[in-house]
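S.K.: the sequence and its predicted three-dimensional model are supplied below.
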Amino acid sequence: MTGAQRAHAGRGRKSTQGNGSAIVLDSGGGEYSTQWKDIVPKLHAATGATVITYDRAGLGKSDVVPGAWKVRSAVSDLKAGLKQLGIAKDVTLVSHSQAGEIANYLAQDNPEMLSGAVLVDANLPQFFTDEQIPRLVAGAQPEVDAAKKDPEKPENRQLISTAEGFAAAHKAFHKVTWPASVPVTVMVSEKTPFAGSPEDAQRWRDAAASFAQQAPNRTLVTAKGTSHELPTDRPDLVLKEIEAMFAAQH
């Protein structure tokens, strides 16, 4: 998506033009579109598809939106950006970390847009149980408090906005259902986002396994020796899984 267009649809957008199919790379919380820089040219060369990256509101070159981060606003922004590019179907969506929430809502509400998806160590509804949510809020509080000392820093602003209304937002997210019509690969890093908490790390793995087991067109992939930052840790592994998903649908 081009940087000249305004950002409720996301600025900092880049589109590597290809055939009628599109691959959208959606970054994790606090990350910019540059997260995918080692993947984009290789992915375009391998698939011939149009490859799209963008900065969500408040990150990179996109405008700041005050207040709590709202996943449905992020979904609306993504759909608006794709509409500006004339893309309404045959999208392979690749989502890292927090972008998994955007992917799940988009898939639930607009399954006709997606030909497939790769969720890269992504937030999944199964993880956000009534037991887990308070653990996440408590665990993040010291980091949120530290971020509030420098609230204008983009990464801190993102963290603060995500923390606002976190519990209610994720109780709702827990109820989201991925449609059976959309095939999906779920990649899980070895260390997960919770490298310092074996219990939370296991719950993250269990959630991914539960998600993958719910339909025959879902595949679980464990990326050995990786941290949560899979797209930059091992772009080769992520590239392999995107190429496989794209090839299976085309």
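M.R.: Thanks, I have it.

S.K.: next one, pLDDT for the spatially most central residue of the chain please.
M.R.: To find the centre residue of the chain, average its C-alpha atoms and take the closest one (Cα atoms, centre = their mean): that gives residue 99, at 2.2 Å. On pLDDT, residue 99 comes in at 96.

S.K.: what sits closest to it if chain neighbours are left out?
M.R.: Nearest in space to residue 99, with sequence neighbours left out and distances taken as Cβ to Cβ, 6 or more residues apart in numbering, is residue 26 at 3.9 Å. (Each C-beta comes from the backbone N, C-alpha and C, glycine too.)

S.K.: quick one, what contacts that neighbour?
M.R.: With contacts taken as Cβ atoms under 8 Å, 6 or more residues apart in numbering, residue 26 has the following neighbours: 54, 56, 78, 93, 94, 95, 96, 99, 102, 103.

S.K.: out of these, which sit inside helices?
M.R.: Judged by DSSP state H, helices contain the following of the contacts of residue 26: 78, 99, 102, 103.

S.K.: closest to residue 110 among those residues?
M.R.: Using Cβ to Cβ, the shortest approach to residue 110 within the ones in helices among the contacts of residue 26 belongs to residue 78, at 10.1 Å.

S.K.: verify the stated contact: the closest one with residue 99.
M.R.: No - applying Cβ atoms under 8 Å, one finds residue 78 not in contact with residue 99, separated by 9.2 Å.

S.K.: extract the residue ranges of the protein that are flagged as low pLDDT.
M.R.: Along the chain, the parts satisfying pLDDT under 70 run over 1-19, 57-66.

S.K.: apply 50 and report the result again.
M.R.: Within the chain, the stretches falling below the threshold (pLDDT under 50) are 1-12.

S.K.: got phi/psi on the closest residue to residue 21 other than its chain neighbours?
M.R.: Using Cβ to Cβ, 6+ apart and skipping the chain neighbours, the partner closest in space to residue 21 is residue 49 (4.3 Å). Backbone torsions of residue 49, given as degrees, to the nearest 10, read phi -80, psi 160.

S.K.: how close does residue 49 get to residue 109?
M.R.: Counting by Cβ to Cβ, to the nearest Å, the gap between residue 49 and residue 109 amounts to 23 Å.

S.K.: show me which of those two is the more surrounded one.
M.R.: Neighbours per residue, other Cβ atoms under 10 Å: of residue 49 and residue 109, the larger number sits with residue 49, 23 against 13.

S.K.: I figured that one hits residue 92, correct?
M.R.: Yes - counting by Cβ under 8 Å, a contact exists between residue 49 and residue 92, whose distance comes to 7.3 Å.

S.K.: now do the shared contacts for these two.
M.R.: Common contacts of residue 49 and residue 92, defined by Cβ under 8 Å, 6+ apart, comprise 21, 22, 23, 246.

S.K.: top of the residues you listed by number of neighbours, please.
M.R.: Counting by other Cβ under 10 Å, residue 23 has the largest number of neighbours within the shared contacts of residue 49 and residue 92, with 28 neighbours.

S.K.: check which helix or strand that one maps to.
M.R.: Assigned by DSSP states H and E, residue 23 belongs to strand 22-26.

S.K.: partner strands of that strand, with direction?
M.R.: Strands that pair with strand 22-26, judged by DSSP bridges, come out as strand 50-53 (parallel), strand 91-96 (parallel).

S.K.: need the winner for burial among these.
M.R.: For the strands paired with strand 22-26, the largest average neighbour count (mean count of other Cβ atoms under 10 Å) is found in strand 91-96, namely a mean of 27.

S.K.: most distant residue from the middle of the protein?
M.R.: Taking Cα atoms, centre = their mean as the measure, the residue most remote from the mean C-alpha position of the chain is residue 149, 27.1 Å away.
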